[in-house]
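Based on what follows, work out the 3D shape:
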Amino acid sequence: TYRSTMAMTSVFVFVFFLLHFYEGRVSYGARPPHILFILADDYGWGDIGYHGSEIPTPNLDALASSGIKLTNYYVQPVCTPSRAALMTGRYPFRYGLQHEVLMSSRPTGLFLNETTLAQRLRDQAGYSTHAVGKWHLGFFEWEYTPTYRGFDTHHGYWSGTEDFISHIANDPSANNTQGYDLRNNSAIDWLNKGTYETTLEYEIVQSLLDGYKANPSPNKKPMFIYLAMHACHYPLQALPQYLEKCNFIQNEQRRTYCGMAVHMDEMIGNLTKSFQSAGIWDDTLLIFSSDNGGIPGAIGGGAGINWPLRGGKFTYWEGGVRGISFIRGAGIPDSLKGTSSSELMHITDWFPTLMHVAGINVSSSSSIDDVGFYNNNNKDRNNNVSFPLDGYNQWPTIVQGKTSPRTEILLNLDQIANNSAIRRGDWKLIVGPQQYSGWCPPPDNTSTPSCIPPPAKVPHINLFNIADDPLEKKELATQYPEKVSELQDRISFYLKTALPPWFVPNDPASNPDHFGGVWTPWRSSPTTTTTTNNDKTTKR
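Residues are numbered from 1 along each chain as shown. Modelled structure (predicted):
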C-alpha cells in the first residue's frame, strides 16, 4: 500500500541518515565517547621514549603503541598560539595572537567572538567540559577566563608559567612582577599552595572521575577533559623521588627535566588506571599532543631535546613546530592499533575532528555547515568578518586510512618579527629571521649543552623538501626559484586576511599588589562572587 511503501521509505531514509551521520563512529556506538585531551608543555621531539630518548616514558610509549602515532603533525612555535589554534580550529593570525605569547600584565586574550571547542562540545553535543592546568588565553577581563569560554570547570592557572610548588607566576615583560596564580573556577585556591603542579593535576582529574562514578544517573553526560599540563615547561623543578630515577644523567638541567618528564609519564599511567577503575576507559578517546618544541639547554630556560630535528621552541624549524602526537581508544579500529600515520595534520584539525566524533556535523570542506555559525554577523575587534575554519576533519584519515584533506599548513606569519613559514605538500618555506638555527643534541655525561651551528650564514629565504630532508640540512631556494615563488604567493594570500598582532603595552593596573598579591582580572567585575577556596572537599 501507499502508506506501507512510504513507511518503508521513511525507515530507509532514517537508517541511511544514521549510517552517514555516524560514519567512522559506529565502533563505539551512537553515544559519543569521553574525550581526554592531554597537552604537554614545551615537550621536545626527542624527549619521548619511542623517539629514542634516554628518558624512560613507558606509559606514554604503551599508550602510543595501542593507538596511532601521528608522525607528520604540526603545532605552533610557542604556547599561546597553539592553544588558541586548538580551541578555535583557526590559525592564530585570524585573531591577532601570532606574535610571541600572552603576558600576564597585558590586556589581551582570545577574541570573545571566537567560539571554543569546549563551547561546541558542551552546547551542541551535551558534554560536560573541564579544563585542568594551564590556560594562557587571557584573563584581563573575566569574560576571557576558562569558565566563560565553554568550560563548566577549570582548576589550574591562567598565566603562561609559574613555580610548580608555590604557584607564584612572574611576568618578565613587567620587571618580573609576581603574583599567586592558582584557581578553582573563579575562586583563589590557597589550599593547594605547596602542592607540586603535576601531582595536583592528577588529583583534579581523579576528583572529576570520582564525581562521575558517584553520579547515579543513567544518563550521565560524556566528559571532555582538557588536561593542559605544566610539564615540561620552565622553571625546571622536579621532586626528589623523580630526580632519583634520572641519576644516570650528569647534566643537572637535563636531569631535572628528566625528572619532570618521568613524573608526567607516571601521572598519565596512573590516570589510565583511574579511568579503568571508573569503568569508562573503553569508552574514552585519548589524544596526546605537545604544544611546541622543547627549549634546548644551550639556548637557556629549558633542557628539552628536539634532536635530530633542527631548532626548537620559538622557531619555525622542524624542532619548533613538528609536534609529538598520538590517538588511542574508543573508535580506533583494532587493525590500526600500533600503527603510524604520516598524513599531514595540524593542531587546528582537532577542532572539526572532535566535533565529528561528538556528532556535530562538519562539512568535507572543513568549515562548519550547521546553522551558518561563521557568518557576516560574527565580527572581530576590528569589525572584520570572521573566517571559516582552517582545520580539517581528520577522522576518516585517522580511522579509515584515507588521504589527509590537508595539503598545506600556514605555520605562522608574524608582521612584528617579519617572518613566516608554510608547508605545502613536501615543501617548506621559511622567510625571515629565527631566534636560533642549529641542531641541539642531548648532552653526554661529560659535556655541557651545546648546539651544532649551521655550516653557513642562514639566508633570509629557506626552502626544504621535508619528505627528503626532515632535518633541514639541504637548503634549496636557489635551485627551485619557482617553488619559492609558489609558496611566497600562498603566504601573501594569507597575509591579505591577517589581522595585526594584538600586542599591547603592559597595564600597571594589572599588578597583583593591587589585589592582595594575586593575579586577577582587573578590567571588569565577575558575574559571580569570587571567593577564596580553602575547602578540600570542593576540589575538582
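
Quick check: buried residues in the longest helix anywhere in the chain?
Counting by DSSP state H, the longest helix found in the chain is helix 252-277. Within helix 252-277, the residues that count as buried by 16 or more other C-beta atoms under 10 Å are 253-269, 271-272, 274-275. C-beta here means a position set from N, CA and C on the backbone, and glycine is covered the same way.

Kindly report the same for stretch 282-295.
Buried-residue list, stretch 282-295, by 16+ other C-beta under 10 Å: 283-295.

ranges for the helices of the stretch 51-200 of the chain?
58-65, 79-88, 117-125, 197-214 (DSSP state H, counting those that start in this stretch).

now the stretch 301-450 of the chain
Here the stretch 301-450 of the chain has its helices, by DSSP H, counting those that start in this stretch, at 318-321, 350-358, 395-400.

among those, which is nearest G109?
Nearest to G109, of all the helices of the stretch 301-450 of the chain, is helix 350-358, at 18.2 Å by C-beta to C-beta.

residues making contact with that closest one?
Helix 350-358 is contacted by residues 24-25, 32-33, 35, 37, 86-90, 117, 120-121, 124-125, 127, 222, 285, 287, 289, 331, 362, 366, 368, 389, 391-395, 398 when judged by C-beta atoms under 8 Å, 6 or more residues apart in numbering.

Where does pLDDT dip in this structure?
Counting by pLDDT under 70, the ranges of the chain that qualify are 1-30, 363-387, 446, 525-540.

could you redo the last one with a cut-off of 90?
1-31, 216-219, 300-301, 361-388, 443-449, 455-456, 524-540 (pLDDT under 90).

What is the neighbour count of N215?
Residue neighbour count, defined by other C-beta atoms under 10 Å, stands at 11 for N215.

quick one: the strands in the stretch 301-450 of the chain?
Counting by DSSP state E, counting those that start in this stretch, the segments of the stretch 301-450 of the chain that form strands are 325-329, 339-341, 345-346, 408-414, 419-424, 427-431.

Give me the helices and strands touching the fifth one, please.
Okay, so that is strand 419-424. Judged by 3 or more C-beta pairs under 8 Å, 6 or more residues apart in numbering; DSSP states H and E, strand 419-424 is in contact with strand 408-414, strand 427-431, helix 481-495.

most tightly surrounded among the ones you listed?
Among these, ranked by average contacts under mean count of other C-beta atoms under 10 Å, first place goes to strand 427-431 (a mean of 24).

Find the nearest non-adjacent residue to R149, please.
Of all residues beyond its chain neighbours, the one nearest R149 is T116 (5.0 Å), with distances taken as C-beta to C-beta, 6 or more residues apart in numbering.

I'd guessed that neighbour sits against T88; true?
Yes. Counting by C-beta atoms under 8 Å, a contact exists between T116 and T88, whose distance comes to 6.6 Å.

any shared contact partners between the two?
In terms of C-beta under 8 Å, 6+ apart, T116 and T88 are both contacted by the residues L110.

if we can go back for a sec, tell me which of the helices of the stretch 301-450 of the chain sits nearest to T145.
helix 350-358 (20.2 Å).

Give me the angle between the closest one and helix 117-125.
20 degrees (axes from the mean of the first three to the mean of the last three C-alpha atoms, to 10 degrees).

next one: helix 350-358 to chain centre, how far?
Distance, stretch centre to chain centre, for helix 350-358: 14 Å (C-alpha atoms, centre = their mean, to the nearest Å).

Could you do stretch 302-320 as well?
17 Å.

Would you mark the buried spots in that stretch?
302-320.

E143: neighbour count?
Using other C-beta under 10 Å, E143 is surrounded by 16 other residues.

and the gap between the residue lying closest to it once chain neighbours are set aside and A330?
Using C-beta to C-beta, 6+ apart and skipping the chain neighbours, the partner closest in space to E143 is L112 (5.8 Å). For L112, the distance to A330 (C-beta to C-beta, to the nearest Å) stands at 33 Å.

Ok, A498 next?
Taken as C-beta to C-beta, the span from A498 to A330 is 37 Å.

okay, how far is it across stretch 45-60, tip to tip?
One end of stretch 45-60 to the other measures 13 Å (C-alpha to C-alpha, to the nearest Å).

what comes into contact with that stretch?
Contacts of stretch 45-60 with the rest of the structure, by C-beta under 8 Å, 6+ apart, involve 61, 64-65, 69, 232, 245-246, 248-249, 257-258, 261-262, 265-266, 268-269, 272, 288, 290, 293-294, 304-309, 318-319, 322-324, 442.

if you set the cut-off to 6 Å instead, what comes out?
61, 64, 258, 261, 265, 268-269, 304-307, 309, 322, 324 (C-beta atoms under 6 Å, 6 or more residues apart in numbering).

could you redo those residues as JSON lines and give each row distance to D152?
Listed next are the contacts of stretch 45-60 as JSON lines, based on distance: C-beta to C-beta, whole Å:
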{"residue": "D61", "distance to D152": "32"}
{"residue": "A64", "distance to D152": "29"}
{"residue": "C258", "distance to D152": "35"}
{"residue": "A261", "distance to D152": "30"}
{"residue": "D265", "distance to D152": "28"}
{"residue": "I268", "distance to D152": "23"}
{"residue": "G269", "distance to D152": "26"}
{"residue": "G304", "distance to D152": "33"}
{"residue": "I305", "distance to D152": "37"}
{"residue": "N306", "distance to D152": "36"}
{"residue": "W307", "distance to D152": "41"}
{"residue": "L309", "distance to D152": "38"}
{"residue": "R322", "distance to D152": "33"}
{"residue": "I324", "distance to D152": "28"}
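
quick one, strands of the stretch 1-150 of the chain?
Taking DSSP E, counting those that start in this stretch to define them, one finds strands in the stretch 1-150 of the chain at 34-40, 68-70, 73-74, 128-134.

Who are the packing partners of the last one?
With contacts defined as 3 or more C-beta pairs under 6 Å, 6 or more residues apart in numbering; DSSP states H and E, the secondary structure elements packing on strand 128-134 are helix 117-125, strand 153-157, helix 197-214, strand 223-228.

next one: the second one to chain centre, how far?
It stands for strand 153-157. 16 Å.

Report the angle between the longest helix of the chain and strand 325-329.
Interaxial angle, helix 252-277 versus strand 325-329 (the same axes, to 10 degrees): 20 degrees.

which is the next helix or strand following helix 252-277?
strand 284-290 (DSSP states H and E).

Give the partner strands of that following strand in its sheet and their orientations.
Counting by DSSP bridges, the strands paired with strand 284-290 are strand 34-40 (parallel), strand 325-329 (antiparallel).

what does the longest one rub up against?
Same thing as strand 34-40. With C-beta under 6 Å, 6+ apart, strand 34-40 has contacts from 222-229, 280, 283-291.

repeat that with 8 Å
By C-beta under 8 Å, 6+ apart, the list of residues contacting strand 34-40 reads 82-83, 86, 121, 127, 222-229, 231-232, 264, 268, 271, 275, 280, 283-291, 324, 330, 350, 354, 357-358.

doesn't H99 make contact with A498?
No. With contacts counted by C-beta under 8 Å, A498 stays clear of H99, the gap being 11.0 Å.

So Q206 sits against S274, correct?
Yes. Using C-beta under 8 Å, Q206 is in contact with S274, at 5.4 Å.

check contacts around T129.
Shown in contact with T129 (C-beta under 8 Å, 6+ apart): A118, L121, R122, G150, F151, D152, T153, M223, F224, Y226.

again, only using 6 Å
A118, L121, R122, G150, F151, D152, F224.

one step back: now distance to G516 too, for the helices and strands packed on strand 419-424, in CSV please.
Formatted as CSV, the helices and strands packed on strand 419-424 follow (distance: least, C-beta to C-beta, whole Å):
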stretch, distance to G516
strand 408-414, 36
strand 427-431, 46
helix 481-495, 44
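
quick one, which of these is nearest to P459?
Evaluated over those, closeness to P459 peaks at strand 427-431, with 9.5 Å, by C-beta to C-beta.

The helix or strand following that closest one packs against which elements?
Downstream of strand 427-431, the first helix or strand assigned by DSSP H and E is strand 461-465. Judged by 3+ C-beta pairs under 6 Å, 6+ apart, strand 461-465 is in contact with strand 427-431.
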